[in-house]
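Q: here are the coordinates; sequence isn't available:
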């Protein structure tokens, strides 16, 4: 009888140990900034995190509003539903980062490396992307209205059904950029080569802004007048 009573306790202890191994404790919001840190759902507003290595970290739903992550390493980070209001990410590396449904009005991505990043259904109105690398980024159904893309490389970017109204693409590289269904009301295409883009239609161009130096895709003609002239 004594041996029988001891067996369940030993089994329970072993089971608890196995559960601990399978389900490690979630990192705390107080953990130091480092590669692989898990700050999901944490409040990190107004933080100075310049030049930090945060590669592969988890920031799902994290609030980085008004924080400074200039020149930081954020490759492969999970930033789904993160809050990036006025967050400074200039010069940062966010290659293959996941920013799905993130909110970042007026965020600053100047000269950042966003190669392969996923901005699907995100909201980055008035954000700054000047000189950024966005090669093969996903921006389907994103709201980047009034965003600044001057001098940025958007080669292979999918802007399908995105809101790019009043966004500035002057001087941007748009080799293979897909504008299918994009809302381009007063979008700035002056001095821009659109010849290698896809998805643009005459109806879209009739409400966008261009000039004599705007180069259109084959088969499309310039409207009689551009709305911004």
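A: In hand now; what should we look at? Because the structure is a prediction, the values reported are computed rather than measured. Numbering: from 1, shown residues only.

Q: Show me where the chain has its helices.
A: Secondary structure of the chain (DSSP state H): helices at 2-22, 202-207.

Q: Comparing those helices, which yields the minimum mean pLDDT?
A: Looking at those, the lowest mean pLDDT belongs to helix 2-22 (a mean of 44).

Q: Low-confidence stretches in this protein?
A: In the predicted model of the chain, residues 1-27 satisfy pLDDT under 70.

Q: 80 instead?
A: 1-27, 229 (pLDDT under 80).

Q: which stretches of it form strands?
A: Using DSSP state E, the chain contains no strands.

Q: can you count the residues close to the nearest residue to residue 138 once chain neighbours are set aside?
A: In space, and not counting its chain neighbours, residue 138 is closest to residue 118: 4.6 Å by Cβ to Cβ, 6 or more residues apart in numbering. The C-beta positions use only the backbone N, C-alpha and C, and glycine is treated the same way. Neighbourhood size, residue 118 [other Cβ atoms under 10 Å]: 22.

Q: Tell me which residues touch residue 118, please.
A: By Cβ atoms under 8 Å, 6 or more residues apart in numbering, residue 118 lies in contact with 96-100, 137-138.

Q: one more time with 10 Å
A: 79-80, 96-102, 137-140, 142, 158 (Cβ atoms under 10 Å, 6 or more residues apart in numbering).

Q: any idea how far it lies from residue 125?
A: 18 Å (Cβ to Cβ, to the nearest Å).

Q: Am I right that residue 116 is in contact with residue 75?
A: Yes: with contact defined as Cβ atoms under 10 Å, residue 116 reaches residue 75; the gap is 9.5 Å.

Q: between those two, what contacts are shared?
A: 94-97.

Q: So which of those is surrounded by the most neighbours?
A: Neighbour counts for the shared contacts of residue 116 and residue 75, by other Cβ under 10 Å, peak at residue 97, which reaches 30 neighbours.

Q: Show the contacting residues for that one.
A: Here residue 97 is in contact with 56-57, 59, 74-80, 82, 89, 112-119, 137 (criterion: Cβ under 10 Å, 6+ apart).
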